[in-house]
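S.K.: Pasted the sequence and its predicted model underneath.
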Amino acid sequence: MLQRPSGIVSRWAAGVGSALTIAAVSFGMQPRVNTSPMTSVPIAPALAVRTIERAPLARIRDMEAAGFVCVGHADPNVPCAMYAPGYKPKAPTEDTPDPLKAGQFSVTGGKWPQPGGKGSTADITFSYSNLLDDGMTGVTTTQLETAVLEALAVWAAQAPLNFILVDDSGPLPTPLDLSYLAGTTPNLRFGHHAIDGASGVLAHAFFPNPGSGLAGDLHFDEAENWDVAPGSGKIDFLEVCVHEIGHSLGLNHQAPPVPAIMNPFYGARYSGLGTAFLLNDDKNGIKNVYGGSCAVRSIADRAKLLPFAAGIKLGAVAAPERLYTELRTYRDRVLQGSPAGRKLVATYYQHGPEVIQAMVSRPDLTVQALELLAAVQEPIAQRNAKTEVVRMPVATFAKGVDFLKTLEGVVSDDARDAIIAAREILDVAKTVDGNAVSLDFHVVR
């Protein structure tokens, strides 16, 4: 839980999504979240966070030895919260970490099942219990859905977590937070209820436990003045949501001064939809629990198995870690650095999963996506170091535009409008010089 600071498609089809993202949001990152209710649809690791670091995993601190936990034990029926700035915990169950005993990331010991062991896929279902009933002041249901997808995506980018949207079932959340049997209820249920009024406990979530229905559920305080960007005394739902999902996946609070989204107090770190990220400590923690993942390697491995992919030049995905790093760096340094780029990233968070799913039955689109993925690595890697302008052959840019036009015919009206808007931004950002196209998003107003 947080306070304010005091002191889905198959794995290979996700490759299509990565290439689509490159075209649709000019090399942005793809969330690995399936938004169509279903029983089980595995989704590949995504490229959805701000940076990639290769620091070794820091040693884990045992929660008793570390001297702090949210609740004093790992009972999944007692929540862990995020607090508002200046809030003073009122009960032992609201203890915050002791900074003098802060180590690296802290975990609860709980996790969602990985049938193949650590590093294998963990299928985690999620649903909206009452989050979308207009009971959250200051945010629309569309903003809430978009923020939840983005928040799930930043965690999915670091570990083999497949988030699967399903129809909701189970009791509605109440201030009593009563335990209930798991049965067939979703693992993570997003909801709201009254907690303690404004500017105290912003939200809380329950640690993983496959045997408990309440475990994994996330509840936001309906008394807060919510928004999807910090400022003017409002609370950014996106940051709180990312933090609480960390608890739902098995992470405990990290004590300051170690910087982490899992610090117990709200930090106003993001600047709107499309800007969520994890810090090193968060990334190391989730990888320690579930193992790490590289989306591009998964794409490359699956591509080799596709009979219709034979003969495609996949030089870029032959070195997946390199492409992985370059794509994410481009997203952070370029797309997040301009209003037009941020708009493209945020748009994809909302419509990317639908587009990917629409392409599953279209091998021709899969082939085109994989070709684009291979074609853009060198232009990104060789972009101008000072201006961050990407220069590519006219033919490569034209293929990307044709790809987007084809997608417009296989998606919903909303997604089609978003793709058209993306093409318009790309058109304004481009400058043609002979046989080359340069892309500069800072010129788009």
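M.R.: Noted; the coordinates are in hand.
S.K.: residues touching the closest residue to Ser271 other than its chain neighbours, list them.
M.R.: With sequence-adjacent residues excluded and distances taken as C-beta to C-beta, 6 or more residues apart in numbering, Ser271 is closest to Ala229, at 6.0 Å. Where C-beta positions appear, they are placed from N, C-alpha and C, glycine not excepted. Ala229 makes contact with 236, 238, 270-273 under the criterion C-beta atoms under 8 Å, 6 or more residues apart in numbering.
S.K.: try it again with 7 Å
M.R.: Each residue near Ala229 by C-beta atoms under 7 Å, 6 or more residues apart in numbering is listed here: 236, 271-272.
S.K.: Please identify, among those residues, the one with the most neighbours.
M.R.: Greatest neighbour count in the contacts of Ala229, by other C-beta atoms under 10 Å, goes to Asp236: 27 neighbours.
S.K.: which residues of the stretch 51-200 of the chain fall in helices?
M.R.: Under the criterion DSSP state H, counting those that start in this stretch, helices of the stretch 51-200 of the chain are mapped to 63-66, 141-156.
S.K.: Lowest average confidence across the ones you listed, which one?
M.R.: Mean pLDDT per stretch puts helix 63-66 lowest among the helices of the stretch 51-200 of the chain, at a mean of 26.
S.K.: measure the residue nearest to Ser271 to Gly274 for me?
M.R.: With the distance defined as C-beta to C-beta, to the nearest Å, Ala229 ends up 10 Å from Gly274.
S.K.: before we move on, what about Val401?
M.R.: In terms of C-beta to C-beta, Val401 sits 22 Å off from Gly274.
S.K.: Just want to know which of those two has more residues nearby.
M.R.: Gly274 (27 against 15).
S.K.: isn't that one right next to Ala346, touching?
M.R.: Yes - assessed by C-beta atoms under 7 Å, Gly274 is found in contact with Ala346 at 3.3 Å.
S.K.: And the strands in this structure?
M.R.: With DSSP state E as the criterion, the chain has strands at 2-3, 33-34, 80-83, 122-128, 161-165, 188-193, 201-205, 218-221, 226-227, 235-236, 390-393, 430-433, 436-439.
S.K.: Okay, now the sheet partners of the fifth one, with direction.
M.R.: This points to strand 161-165. strand 33-34 (parallel), strand 122-128 (parallel) (DSSP bridges).
S.K.: could you give the mean pLDDT of the longest one?
M.R.: This means strand 122-128. In the prediction, strand 122-128 has an average pLDDT of 91.
S.K.: Could you quantify the relative orientation of that strand and strand 188-193 as an angle?
M.R.: 30 degrees (axes from the mean of the first three to the mean of the last three C-alpha atoms, to 10 degrees).
S.K.: Now do the buried residues in strand 122-128.
M.R.: Using 16 or more other C-beta atoms under 10 Å as the test for burial, strand 122-128 gives 122-128.
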